[in-house]
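Chemist: next one to model:
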Amino acid sequence: MTSLADQDDLTLASMSLRPSTCELLHPAGVETVEPQVMRVLLALARQPGRVLSRDAIVDQAWDGRAVSEDAINRVLSRLRRLSETTGAFRLSTIRKVGYRLDPVIVEGGSPAPGAPASDIAPSAARRRIGWIFGLLALVALLSAAGALLFARFGPAPAREGPSLTLALSAPDPADAAVASAFDHQMRETLSHMQGLRLIAGRKPTDLVLEGLVGHGGPKPVIDLTLSDGHSGVRIWSARFDGRATDDPTAQERAVSAAARFLAVRLGDRLVGQAAAREPVDPEVERLVVRARRAFAASNEARHRRDWPLSIRLAQSADADAARALAIDPTSAGALMVRYQVDNGPQYPRPNESQDAFQARLTRAAGYLSRAVAADPDDPEVLVAAGEDYRQSLRWGDAERLLERAVAIDPNSPDANTWYAYHLGLMGRCDQGLKHARVAAGLAPGDTWRQLAIPRLLHCAGKRAEAADVYRGLQVRDPANVFLLREIYLMRLGERNAPALRALAAFTREVLWHGAPPPPITAQSGRIGAAADALDGRPQTFLRLLDADRAVYVAAPSDARKFGRTQGDAWFVLALEYAEAGATDRALEALREAVDRGSLYLPWALPYGPTEFPPAVSGDPAWAALWKSSPGLTDLMNRRARARSLRD
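Modeler: So this is what the prediction gives:
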């Protein structure tokens, strides 16, 4: 698909289309549209008067990628509103055929290039004008009556997003220059948030964001306060000390925090248009695309346990992102690549010291802050910020950011994937499955995104369907150890020994013809031992589990800082111990997992379709665990409500 930045401007009746800036210039003003809306409009406008099928539109505007019906309908609905706003074209639906765009030619105007010329003779035109004037009076009368009826009985107008005024100051004249630069940066960021109306001056508004820049010197301390503009009640406040760190700066951290909070407050409210942006530098775009591909390939290699290749690809992605940032330090795409490279894994890498590990996570947090400040409505940025909230057990805030990411770009694989997983954790698995299917359709070659479908199917209690999808993915990617473990855990949670043995045999004999590579051999042996444990012979399985536990216990004493990834290993160990009948060790491992922030298998949690065995879930320590923090209590309440709605 040709980048919008490389496409020529196009004239459509009285309107000019500027693909490079996603702008529509018409007599009433300028409209800034989403890139996907511009692509569909270009596809129709280049063939005015011709009917295009939905398939043709997808081929031209989505490059033939899988796309949901809701996404297409959303763009077409936006085009219909634009036709009313600009008056430059009509969009007609030809039932069971497709859609046609017709330029609207005003007197003295000219049709768009390629549009059919008018074949109405001058005399016929004069007769029609006479009829038009004759009808105008009647139309005016009916319009007046209709307006009264509509005002009384019609639907309420769309609610605009909140308005906000910004008041940043520096009591000390020595800080005036810093305050001015901060004010500019804050306005630039907030102006790009859809659904927020940034008002100049001190007019009465819904929200007021005030800030003080003080303490002098090149490293200021910034105090921010967000208040209700009508009542004056404080909604949010925070302090950002520039003396704490230089990267990101206090200004960047303050802008990022304010944008995050407002994004949560706005949610999926997208009324109005964000400020237009400068076109992306083609070289920056090329580097970011290449970096994203390398990072995706790095993840695939990691799932196959090819650590050297995974590391090389991650380093390549990081290098390209660094080159892009050297050209444009505010490239959200490049900042997000560097964030993703540094953010994982959330425990020390081989030969990485504790100090280096902490420095890496600090860098990742800095890249995310800068990315939020650079583009607060970028779906990838919103997903990462939402994941930050999720790790802090702030489920509502996380959900609002994920909803916003999907609303801004319904075709974002990242937004749909993470929203699907979030909904699964909340117990709303059927709802999450819809987004999992969208994400998988948008990235058919990405095994990790395809995994969301069977996970959500299992979460929804549709285990037979989940098994079929898992089997297809395994055939396509037989070396993926992570995938094999996913299937194993599902079958283990079902306590289905025959299915486990069938999985091991299929993997070893059918996929690898009796000679699987060592990682697959090791996992297949574990599967066989688990099947024996379910049949009452747990000795071999328990020896494997105890060996893993010894490795985990030997981790440094501050391993709790290692984060969720190591917690996931403890969660898996807890399930395995539970199915082997070792209840005490299962509960101990589960406590370790939850302490590290892991809720790895939603289907095994309370109110899931395949909870831990009764010996564990009936223990008082199990119930106490889920009440051990306000965040966990809130999660269990959400899952209980979801279960009651399903039942």
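Chemist: residue ranges with poor pLDDT in the stretch 501-647 of the chain?
Modeler: Residues of the stretch 501-647 of the chain that meet the criterion pLDDT under 70 lie in 555-565, 647.
Chemist: check the offset of the helix or strand where residue 593 lies from the chain's centre.
Modeler: In the assignment (DSSP states H and E), residue 593 maps to helix 583-595. Here helix 583-595 is found 31 Å from its chain centre; the criterion is CA atoms, centre = their mean, to the nearest Å.
Chemist: what of stretch 82-98?
Modeler: Counting by CA atoms, centre = their mean, stretch 82-98 comes out at 30 Å from the chain centroid.
Chemist: kindly report the same for stretch 250-266.
Modeler: 17 Å.
Chemist: buried stuff in that stretch?
Modeler: 250-266 (16 or more other CB atoms under 10 Å). In this view, the C-beta of every residue, glycine as well, is placed from N, C-alpha and C.
Chemist: would you mark the buried spots in the helix holding residue 593?
Modeler: 583, 585, 586, 587, 588, 589, 590, 591, 592, 593, 594.
Chemist: looking at those residues, which one is closest to residue 228?
Modeler: Closest approach to residue 228 among these (CB to CB): residue 594, at 37.0 Å.
Chemist: looking at it, that closest one is touching residue 632, isn't it?
Modeler: Yes - here residue 594 reaches residue 632: they are 7.3 Å apart, a contact under CB atoms under 8 Å.
Chemist: mind listing the shared neighbours of these two?
Modeler: Common neighbours of residue 594 and residue 632, using CB atoms under 8 Å, 6 or more residues apart in numbering, are residue 625.
Chemist: residue 236 touches residue 223, doesn't it?
Modeler: No - using CB under 8 Å, residue 236 is not in contact with residue 223, being 11.9 Å away.
Chemist: what's the following helix or strand after the helix or strand containing residue 251?
Modeler: Assessed by DSSP H and E, residue 251 sits inside helix 250-266. Per DSSP H and E, the first helix or strand lying C-terminal to helix 250-266 is helix 282-303.
Chemist: between helix 282-303 and the helix or strand just after that following helix, find me the angle.
Modeler: Following helix 282-303 in sequence order, the next helix or strand is helix 307-327 (DSSP H and E). If you take axes from the mean of the first three to the mean of the last three CA atoms, to 10 degrees, helix 307-327 sits at 160 degrees to helix 282-303.
Chemist: which of the residues in the host helix or strand of residue 398 are buried?
Modeler: If you go by DSSP H and E, residue 398 is part of helix 395-408. By 16+ other CB under 10 Å, the buried positions in helix 395-408 come out as 395, 397-408.
Chemist: ditto for stretch 521-538
Modeler: 523, 524, 526, 527, 528, 529, 530, 531, 532, 533, 534, 538.
Chemist: could you look up the SS state of residue 572?
Modeler: helix (DSSP: H, G, I helix; E, B strand; the rest coil).
Chemist: number of residues surrounding it?
Modeler: 22 (other CB atoms under 10 Å).
Chemist: from what I can see it touches residue 600, true?
Modeler: Yes - Residue 572 is within contact range of residue 600, at 6.8 Å (criterion: CB under 8 Å).
Chemist: okay, strands next: where are they in the protein?
Modeler: Assigned by DSSP state E, the chain shows strands spanning 10-12, 15-18, 23-26, 29-32, 51-52, 89-94, 98-103, 163-169, 197-199, 207-214, 221-228, 234-241.
Chemist: could you dump these to JSON lines with distance to residue 628?
Modeler: Compiled in JSON lines, the strands of the chain are given as follows (distance: least, CB to CB, whole Å):
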{"stretch": "strand 10-12", "distance to residue 628": "60"}
{"stretch": "strand 15-18", "distance to residue 628": "56"}
{"stretch": "strand 23-26", "distance to residue 628": "53"}
{"stretch": "strand 29-32", "distance to residue 628": "48"}
{"stretch": "strand 51-52", "distance to residue 628": "57"}
{"stretch": "strand 89-94", "distance to residue 628": "55"}
{"stretch": "strand 98-103", "distance to residue 628": "55"}
{"stretch": "strand 163-169", "distance to residue 628": "38"}
{"stretch": "strand 197-199", "distance to residue 628": "42"}
{"stretch": "strand 207-214", "distance to residue 628": "36"}
{"stretch": "strand 221-228", "distance to residue 628": "32"}
{"stretch": "strand 234-241", "distance to residue 628": "28"}
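Chemist: could I get those as TSV with mean pLDDT?
Modeler: Formatted as TSV, the strands of the chain follow (pLDDT from 0 to 100):
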stretch	mean pLDDT
strand 10-12	86
strand 15-18	88
strand 23-26	84
strand 29-32	79
strand 51-52	88
strand 89-94	88
strand 98-103	88
strand 163-169	91
strand 197-199	88
strand 207-214	92
strand 221-228	93
strand 234-241	91
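Chemist: can you add distance to residue 360 and mean neighbour count and give those back as CSV?
Modeler: Shown next, in CSV, are the strands of the chain (distance: least, CB to CB, whole Å; neighbours: other CB atoms under 10 Å):
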stretch, distance to residue 360, mean neighbour count
strand 10-12, 47, 19
strand 15-18, 42, 20
strand 23-26, 40, 19
strand 29-32, 38, 14
strand 51-52, 49, 18
strand 89-94, 50, 15
strand 98-103, 50, 20
strand 163-169, 33, 17
strand 197-199, 36, 18
strand 207-214, 31, 21
strand 221-228, 26, 18
strand 234-241, 22, 14
